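[1] coords please:
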Amino acid sequence: MFLELIATIFAGFAMAGVVMLIGRASGGRLPKWLAPVAAGLAMIAVTISSEYGWYERTRASLPEGVVVAETGENRSLYRPWTYMVPFVERFAAIDTSTAKTHPGLPGQYLTEVYFFGRWAPVSALSVRLDCTGWRRAVVTSDSSFGAGDGLAIDWVSPSEGDGLLSTFCGGL
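    Got it, this is the predicted structure:
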């Protein structure tokens with residue numbers, strides 16, 4: 001966040017400097033108000049670019065086997081351009097490479113789901129997925145994964161378009 005602030009301020013100073021150099025080279029024909037206006041527009045452009053580029057940068061840095069399952073887009077009144085082109089502000093990614101299986105529970109997996117937010121720390125949940133019964137449950141990270149522990153789990157049966165189950169079970 002701090003580096004983005006520095007980049008935004010630097011872009012404003014750089015654009016103001018370029019406009020002042022062009023004004024000087026043109027013999028002072030540019031209006032004096034153009035430098036601060038250009039600096040402000042450059043700062044807004046850098047901020048917008050940073051917000052729209054965050055998702056792709058973060059997704060590209062995910063380790064192999066961690067796949068994006070769901071995204072959350074943002075539209076804001078104070079950002080009117082987001083009504084035309086919303087940007088991804090948060091997403092959930094599922095770790096497919098370290099999923100655990102159990103021979104006594106065919107079609108069930110234990111894996112981690114990571115939640116990323118634009119200005120939020122990354123959080124993780126352990127999730128048990130039942131691809132055969134199309135259900136999922138949040139479990140504690142220290143829970144056992146065996147054939148006799150299914151009774152204490154609070155299963156959720158989501159719709160067919162559930163991002164976590166579709167991403168994980170659809171890729172098997």
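
[2] how much space between T101 and Q108?
    If you measure T101 against Q108 using C-beta to C-beta, to the nearest Å, the figure is 7 Å. All C-beta atoms are positioned from the backbone trio N, CA, C, and that covers glycine.

[3] Apologies, that question was intended for A16.
    60 Å.

[4] Could you check which of these two has the larger neighbour count?
    Counted by other C-beta atoms under 10 Å, A16 and Q108 do not tie: Q108 has more neighbours, with 23 against 19.

[5] and that one, that's in a strand?
    Yes: checked against DSSP: H, G, I helix; E, B strand; the rest coil, Q108 lies within a strand.

[6] Identify the residue spatially nearest to it, adjacent ones excluded.
    Spatial nearest neighbour of Q108, chain neighbours left out: D130 (4.9 Å); criterion: C-beta to C-beta, 6 or more residues apart in numbering.

[7] Need the per-residue pLDDT for the one you found.
    Predicted confidence (pLDDT) for D130: 91.

[8] Dig out what it forms beta bridges with.
    Listed beta-bridge partners, D130: Q108, R135 (assigned using DSSP bridges).
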